[in-house]
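Participant: A predicted structure for the sequence below; I have some questions about it.
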Amino acid sequence: MQSTIYNFHDLTGSIDSTLHSWFGNTGTVIAEMVLVGIAFLTFYALLGLFLVYLERKVCAVIQNRYGPNRVGPMGLLQTVADLIKLLMKELISIKRSDKFLFNLAPFIVIIASFMAIAATPFAKGLQAVDLNIGVFYVMAVSSLGVVGILIAGWSSNSKYSLIGAMRSGAQIVSYELSVGLSLLAIVTFAGTMQLSGIVESQADGWWIFKGHIPAIVAFIIYLIASTAEINRGPFDLAEAESELTAGFHTEYSGIKFAFFFLAEYINMFIVAAIGATVFLGGWMPFHIGSWDAFNHVMDFIPSMVWFFLKAFFIIYIIMWFKWTFPRLRIDQLLTLEWKYLMPLSLINIIIIAFIVLMGWHF
Amino acid sequence: MNVAMFYLLSAIILIFSVLSVTTRKILRAAVYLLFVLIGTSGIYFQLNYEFLAAVQLTLYAGGIVVLIIFSILLTHHISHKFERPALFNLLGGIAVAAIGAGAVLYTVFDHQFVASTAPALDVNMTAIGEQLLGMDKNGYVLPFELISILLLAALISAVVVAKKGKETEEL
């Protein structure tokens, strides 16, 4: 039944054996590292450009405007023009700032998101590293980004940046717990942390359908907490434009600002990709239990299309949040996490453990 | 390839450990410490022990260093530059470090390291989880529970210490 889905492992395997015949063992590892790096960098840049465009269009639709519509067809080249403008801007250096840390911070933020994207399964067999602790790895490397934000805030020698960084730090550290617990809910169902294993376990239905109400609760908690973790509205007090000019990246300009901006959008994609993989089946087509004919028809849609459809569905929800809800205050933000989301996800985990123990899930 | 990566990671760990104790700016010391911890987790990845590597990243790099930086940012003297230590302290420190390094190196070179002939175990999550919460001979459930109670006590006492009295807050 699964055989109709194209397995990208055939393609990557043939590239691997060709490289082996050309370069030998050590050369192959180096060549593959370079190739994967180039592929991810290209993907990263294109995705960043597209997400910025998408955000402006979604925002425009919600606010009854046209959005970018002058550069290129439907304004598609607007973000490319913006990028060229950003690249030509002067890199301003701040008086009495810590130059070394100031220049280091954007790299920490962008490397953290780059490492997280490496474990994302884009299609059947198309995944750079398939660690047996996949979910945990993504949580681990994405927790490094906050260090960059804190350093950026301090080294800018500006009060807006420092306040923004402190808020952002408090926010990310607390919401990380809820993200972790909601992912743990599905790990409990699937019985594995390997991302490919989690996808395979959804071959007879996605966990959001198979996991009864607790899985839906976990999904909603994940959406809220991960929106907060990537510093997006309505949790964007770290860079609240109206009070802090731009928060932790106020003093950055040119390409360094672009790094923060890009990392923010890629983090949104990572959050959506992990959410899609864990809750909505990743690249797994829409399957219903033992309806073999129906499942077979669904298999004709390529797995990559399924993955990106789901990821962009979650991205759309996150954007919808941002342009619909007003910004929270810092005390409301921490109350929401520590008094509501945390206890709720702990109770949810206990219920899920009970369901799994009794074998009530499908 | 593996050897080259090992030397690279070791060089990162050594250089940044030295930098983190010799720098005179407190926040930079924390950032250098972050690099040391990330380098260590890189070595765990080299050993194919991904679980420990991810634990290292989450707990130390993403948790403890963030807390350290956070508490540094909350203090008043973040831009404070440490004065150069007095010559006597400097020499004393170097001497103690040299003696410590000598003792460690002597033990390492004195010990015969025999490559293990036992078959490599597949360290998967199920095995780790069952070992950690196992109640049989090699299980760790008692230490695990003891540590949880200790941490809970520490957490509650931290809240009690940090909490101001109601009346002082309203004044």
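Facilitator: It's in. Numbering: from 1, shown residues only, chains lettered A, B, ... in the order given.

Participant: closest residue of chain B to chain A?
Facilitator: Nearest residue of chain B to chain A (Cβ to the nearest Cβ) works out as residue B:62 at 3.0 Å. The C-beta positions use only the backbone N, C-alpha and C, and glycine is treated the same way.

Participant: separation between that residue and residue A:306?
Facilitator: Per Cβ to Cβ, to the nearest Å, residue B:62 is found 31 Å from residue A:306.

Participant: those two: which has the busier surroundings?
Facilitator: residue B:62 (28 against 23; other Cβ atoms under 10 Å in any protein chain shown).

Participant: just checking, the residue of chain B closest to chain A touches residue A:138?
Facilitator: No. Contact between residue B:62 and residue A:138 fails when scored by Cβ atoms under 8 Å: they sit 11.8 Å apart.

Participant: and for residue 74, the neighbour number?
Facilitator: I'll assume chain A. As a burial measure, residue A:74 scores 13 neighbours (other Cβ under 10 Å).

Participant: look at chain B instead
Facilitator: 9.

Participant: residues contacting it?
Facilitator: Contacts of residue B:74 were listed using Cβ atoms under 8 Å, 6 or more residues apart in numbering or on different chains, and they are residue A:166.

Participant: repeat that for residue A:127.
Facilitator: A:119-121, A:195-196.

Participant: mind redoing it with 10 Å?
Facilitator: Residue A:127 makes contact with A:8-9, A:12, A:118-121, A:134, A:195-196, A:199, A:282-283 under the criterion Cβ atoms under 10 Å, 6 or more residues apart in numbering or on different chains.

Participant: likewise for residue A:72?
Facilitator: When contacts are counted by Cβ under 10 Å, 6+ apart, residue A:72 touches A:53, A:78-81.

Participant: now do the residue of chain B closest to chain A, the pLDDT please.
Facilitator: On pLDDT, residue B:62 comes in at 79.

Participant: check chain A for the residue nearest chain B and tell me.
Facilitator: residue A:143 (3.0 Å).

Participant: thought that residue was touching residue A:173?
Facilitator: Yes. Using Cβ atoms under 10 Å, residue A:143 is in contact with residue A:173, at 8.5 Å.

Participant: what touches both of those two?
Facilitator: Common neighbours of residue A:143 and residue A:173 (criterion: Cβ under 10 Å, 6+ apart): A:229, B:62-63, B:66.

Participant: looking at chain A, which helix or strand does the model trust least?
Facilitator: In chain A, the helix or strand scored least confidently by mean pLDDT, DSSP states H and E is helix A:241-244, which has a mean of 71.

Participant: buried residues in it?
Facilitator: Neighbour-count burial for helix A:241-244 flags residue A:244 (criterion: 16 or more other Cβ atoms under 10 Å in any protein chain shown).

Participant: now stretch A:77-85
Facilitator: For stretch A:77-85, the neighbour count (16+ other Cβ under 10 Å) marks A:78-79, A:82-83 as buried.

Participant: turn these into JSON lines, columns for secondary structure and pLDDT.
Facilitator: Output for the buried residues of stretch A:77-85, formatted as JSON lines (DSSP: H, G, I helix; E, B strand; the rest coil; pLDDT from 0 to 100):
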{"residue": "A:78", "secondary structure": "helix", "pLDDT": "85"}
{"residue": "A:79", "secondary structure": "helix", "pLDDT": "84"}
{"residue": "A:82", "secondary structure": "helix", "pLDDT": "84"}
{"residue": "A:83", "secondary structure": "helix", "pLDDT": "84"}
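
Participant: longest helix of chain B?
Facilitator: Identified as the longest helix of chain B according to DSSP state H is helix B:87-110.

Participant: what's next to that one, contact-wise?
Facilitator: B:18, B:21, B:84-86.

Participant: how about stretch A:284-299?
Facilitator: A:1-6, A:121, A:124, A:198-206, A:209-210, A:277, A:280-281, A:300-303, A:305-307, A:310, A:362.

Participant: ends of it, how far apart?
Facilitator: End-to-end span of stretch A:284-299 (Cα to Cα, to the nearest Å): 9 Å.

Participant: contacting residues for the closest residue to residue A:318 other than its chain neighbours?
Facilitator: Using Cβ to Cβ, 6 or more residues apart in numbering or on different chains and skipping residues adjacent in sequence, the residue nearest residue A:318 is residue A:227, 5.5 Å away. Neighbouring residues of residue A:227 by Cβ under 10 Å, 6+ apart: A:175, A:179, A:233-236, A:268, A:271, A:317-319, A:321-322, A:325.

Participant: please apply the same query to residue A:110.
Facilitator: Residue A:110 is in contact with A:44, A:145, A:148, A:258-260, A:262-264, A:266-267, counting by Cβ under 10 Å, 6+ apart.

Participant: what about 8 Å?
Facilitator: Neighbouring residues of residue A:110 by Cβ under 8 Å, 6+ apart: A:259-260, A:262-263, A:266.

Participant: can you give me the neighbour number for residue 27?
Facilitator: Went with chain A since none was named. Around residue A:27 there are 13 other residues, counting by other Cβ under 10 Å.

Participant: sorry, I should have been clearer: chain B.
Facilitator: When neighbours are defined as other Cβ under 10 Å, residue B:27 has 21 of them.

Participant: the residue lying closest to residue A:128 once chain neighbours are set aside: neighbour count?
Facilitator: Leaving aside its chain neighbours, residue A:128 sits nearest to residue A:118 (4.5 Å; criterion: Cβ to Cβ, 6+ apart). When neighbours are defined as other Cβ under 10 Å, residue A:118 has 16 of them.

Participant: next up, phi/psi of residue A:118, please.
Facilitator: Backbone torsions of residue A:118, given as degrees, to the nearest 10, read phi -60, psi -30.

Participant: tell me the pLDDT at it?
Facilitator: Among the per-residue scores, residue A:118 holds a pLDDT of 83.

Participant: would you mind giving the domain segments of chain B?
Facilitator: Following the assignment in automatic domain parsing, chain B carries domains at B:1-85, B:122-163.

Participant: is the shortest one anywhere near chain A?
Facilitator: Right, domain B:122-163. Yes. Against chain A, domain B:122-163 shows contacts by Cβ under 8 Å from any Cβ of the partner chain at B:124-126.

Participant: in ChimeraX, how would I select the buried members of those?
Facilitator: This is how ChimeraX selects the buried members of the residues of domain B:122-163 next to chain A, with burial counted by 16+ other Cβ under 10 Å:
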select /B:125
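
Participant: before we move on, back to that, buried ones in the longest helix of chain B, by neighbour count?
Facilitator: For helix B:87-110, it's none, nothing buried (16+ other Cβ under 10 Å).

Participant: same check, this time on stretch A:102-122
Facilitator: Neighbour counts using 16+ other Cβ under 10 Å place A:102, A:104-106, A:108-122 of stretch A:102-122 among the buried residues.

Participant: follow-up on the earlier one: of residue A:143 and residue A:173, which one has the most company?
Facilitator: residue A:143 (24 against 18).

Participant: name the nearest residue to the residue most central in space within chain B, sequence neighbours excluded.
Facilitator: For chain B, residue B:60 is the residue whose C-alpha lies nearest the centre (Cα atoms, centre = their mean; 5.5 Å). Once flanking residues are discounted, residue B:60 sits nearest to residue B:37: 4.4 Å by Cβ to Cβ, 6+ apart.

Participant: identify the residues contacting the helix or strand hosting that neighbour?
Facilitator: Following DSSP states H and E, the helix or strand that holds residue B:37 is helix B:26-46. Applying Cβ under 8 Å, 6+ apart, the contact partners of helix B:26-46 are A:98, A:100-101, A:104, A:144, A:147, A:151, A:154-155, B:2, B:5-6, B:9-10, B:12-13, B:16-17, B:19-21, B:23, B:50, B:52-54, B:56-57, B:60-61, B:65, B:68-69, B:72-73, B:78, B:80, B:82.

Participant: and after it, which helix or strand comes next?
Facilitator: Note on helix B:26-46: by DSSP H and E, the next helix or strand toward the C-terminus is helix B:50-55.

Participant: who are the packing partners of that following helix?
Facilitator: helix A:134-142, helix B:26-46 (3 or more Cβ pairs under 8 Å, 6 or more residues apart in numbering or on different chains; DSSP states H and E).

Participant: where does the prediction get shaky in chain A?
Facilitator: A:1-4, A:240-241, A:362 (pLDDT under 70).
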